[in-house]
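In: Sequence first, then the predicted structure, then my questions.
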Amino acid sequence: MVEINPIAALTIFFIIVIVLLIFFWPKIGIYPRYKRGLVSTKRVLIEDALKHIYDYEYRSLSTTLNSIAGNLNITPDNSAKVIDELEELKLINFDNQIITLTSDGRSYALRVIRIHRLWENYLAEETGYSELDWHEEAELVEHELSTDEANKLAAKMGNPKYDPHGDPIPTHEGTVPENKGKHLNELQVGEIIRIIHIEDEPKAIYTQLLAQGFYPGKVIQVIDTNSERIKIAMDGEERVVAPLLATGITVQSLPEPKFVNEKLKSLVDLKSGEDAEVLKISPMIRGQQRRRLLDFGILPGAKISILMKSPMQDPVGYLVKDTIVALRKKQAELIYIRT
């Protein structure tokens, strides 16, 4: 008969207990966390699908199984599972391969969209995050922030009506203004319009739109248009926009068309020994960056000159009143002056 060592048996028992605790301890164990992860992933897919369906309905497009699969970057089989779940929760109607939101589904979608756009506005106005990162950061927060937290954030920011891309922010009651804009590639030659929205997805196209100087509020005129290109006048010069990029720009006609196609000088055009007057700061400078410039006295009408340049010419030290301000070229390009 094999003799069992009591100490060894006790040690094995404690090891088994510890392993079980590591795996099954409520809330912090591996298995409960795994289960929460599955639930969280499932909820994220459901909320992302609702956002997609709402976006298509807002733009008068038809949502299908394949459009959901493409937007969520999942397989058609997984897309079908998400649709089944949405139907079971009574958040959508699925009829003849066309998907529409129920009243509850629309309310749910608007809650998520409200949080997303509020957070984008917060990042733009209150932080130093790059505009290229606003959307991705908001994608993470929209699934975590509660309705009460979103309402407090909105109140803190003065209940903004639009996010920094020009998208309307749904109210707490779930109301959204009607979509009245047109895409840039739908316009006629000679039309003078104001940009009201810049699409921030996909990121590659949004990056190109930013690089070309497009932003909500910019006034432009259509010079020529065809299936291959759209020629516009903006900032004192003619530019060519590809039709694919033009679909990411939503515009509205001006009630009293007035277009001044003037190329403004910026701080990078200022030469050593010259004095200049600040005309305006581009709307593309926002949040903490904008407040920093205003705190340093860079306001419309302020006198400014070059005090010193770094060996690489970037940054440059400017004298504003009695204050020395060091600015990078990227910032100086967005401060307009009159010499």
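Out: Looks like it arrived, so ask away.

In: what about Glu88, distance to Arg106?
Out: 17 Å (CB to CB, to the nearest Å). Where you see a C-beta, it was placed from the backbone N, CA and C, and this is true even at glycine.

In: These two: which has the busier surroundings?
Out: Arg106 (19 against 9; other CB atoms under 10 Å).

In: What pLDDT is listed against that one?
Out: Listed pLDDT for Arg106 reads 95.

In: ok, for it, nearest residue in space, not its chain neighbours?
Out: Tyr54 (6.5 Å; CB to CB, 6 or more residues apart in numbering).

In: Pretty sure the one you found sits against Leu101.
Out: Yes - contact criterion CB atoms under 8 Å: Tyr54 and Leu101 qualify, at 6.2 Å.

In: before we move on, back to that, the residue nearest to Arg106 belongs to a strand?
Out: No - under DSSP: H, G, I helix; E, B strand; the rest coil, Tyr54 sits outside any strand and is assigned helix.

In: ok, Ile99 - contacts?
Out: Ile53, Thr63, Thr64, Leu65, Ile68, Ile83, Ile92, Asn93 (CB atoms under 8 Å, 6 or more residues apart in numbering).

In: Where do the helices of the stretch 201-339 of the chain begin and end?
Out: 203-211, 243-246, 287-295, 329-332 (DSSP state H, counting those that start in this stretch).

In: Out of those helices, the one nearest Leu72 is which?
Out: Closest to Leu72 of these is helix 203-211 (CB to CB; 16.2 Å).

In: got the contact list for the nearest residue to Glu277 once chain neighbours are set aside?
Out: Leaving aside its sequence neighbours, Glu277 sits nearest to Arg338 (CB to CB, 6+ apart; 4.9 Å). Residues near Arg338 by CB under 8 Å, 6+ apart: Lys265, Ala276, Glu277, Leu279.

In: Give me the buried stretch members for stretch 292-311, please.
Out: Neighbour-count burial for stretch 292-311 flags Leu293, Phe296, Ile298, Ala302, Ile304, Ile306 (criterion: 16 or more other CB atoms under 10 Å).

In: doesn't His197 fall inside a helix?
Out: No - His197 is assigned strand when assessed by three-state DSSP, not a helix.

In: Model confidence score at it, please.
Out: The model's pLDDT for His197 equals 92.

In: Burial check on Ser107, number of neighbours?
Out: So Ser107, with other CB under 10 Å, has 15 neighbours.

In: my guess is it contacts Thr175, does it?
Out: No - Ser107 lies out of contact with Thr175 (CB under 8 Å); the separation is 11.1 Å.
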